[in-house]
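Student: Prediction below, plus the sequence it came from.
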Amino acid sequence: KALFGPYTQPSEAFLDEQWKVLNFKNGKKIAYLIGRLVFEKIRYQNRWISAMQTTNIPLCLINGPFDPNSGKAMSDRYSELIPNPKIYLMADHIGHWPFLEDSREVLKAVGNFHSS
């Protein structure tokens, strides 16, 4: 719940469903593998940033500024590193999960990106 914005907290029913998904076919036993991404990020960070800086593929960042992990600071850093950055900063109260917290605005941002 700490990763969600203050006005977009998930319901207990939603959390129960996510718990079921996590435990499906013993998924919880391998969930630690997702956490290993942190180590991959450290190892490949420069390579990944370089690829984003030099690609011809259009990129955009849709970001929730209330996200304690990668909120406004991430948007700011992205705009420093990426040439001609396209950033769609959600409302101030949107956290780590914009597509769950305000799916209509995310779809609008995706539509705007595709039409630009």
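Tutor: Received it, and whenever you're ready, just let me know what you need. Residues are numbered from 1 along each chain as shown.
Student: Residue for residue, what is the longest helix this structure has?
Tutor: The longest helix of the chain (DSSP state H) is helix 37-54.
Student: What is that helix packed up against?
Tutor: helix 72-81 (3 or more Cβ pairs under 8 Å, 6 or more residues apart in numbering; DSSP states H and E). Where C-beta positions appear, they are placed from N, C-alpha and C, glycine not excepted.
Student: And the pLDDT at Lys28?
Tutor: According to the prediction, Lys28 has pLDDT 82.
Student: Oh, that last question was meant for Trp97, not what I typed.
Tutor: 96.
Student: now swap in Leu22 and tell me
Tutor: pLDDT, read off for Leu22, is 89.
Student: hmm, back to that, chain center to the longest helix of the chain: distance?
Tutor: 16 Å (Cα atoms, centre = their mean, to the nearest Å).
Student: now swap in stretch 81-98 and tell me
Tutor: Using Cα atoms, centre = their mean, the offset of stretch 81-98 from its chain centre is 9 Å.
Student: Check which residues of the longest helix of the chain are buried.
Tutor: Buried residues in helix 37-54, counted by 16 or more other Cβ atoms under 10 Å: Met52.
Student: quick one: that helix to helix 72-81, angle?
Tutor: Put simply, helix 37-54 runs at 40 degrees to helix 72-81, going by axes from the mean of the first three to the mean of the last three Cα atoms, to 10 degrees.
Student: Distance from whatever helix or strand comes next after helix 37-54 to the middle of the chain?
Tutor: Using DSSP states H and E, the helix or strand that follows helix 37-54 in sequence is strand 61-63. Per Cα atoms, centre = their mean, the displacement of strand 61-63 from the mean C-alpha position of its chain is 7 Å.
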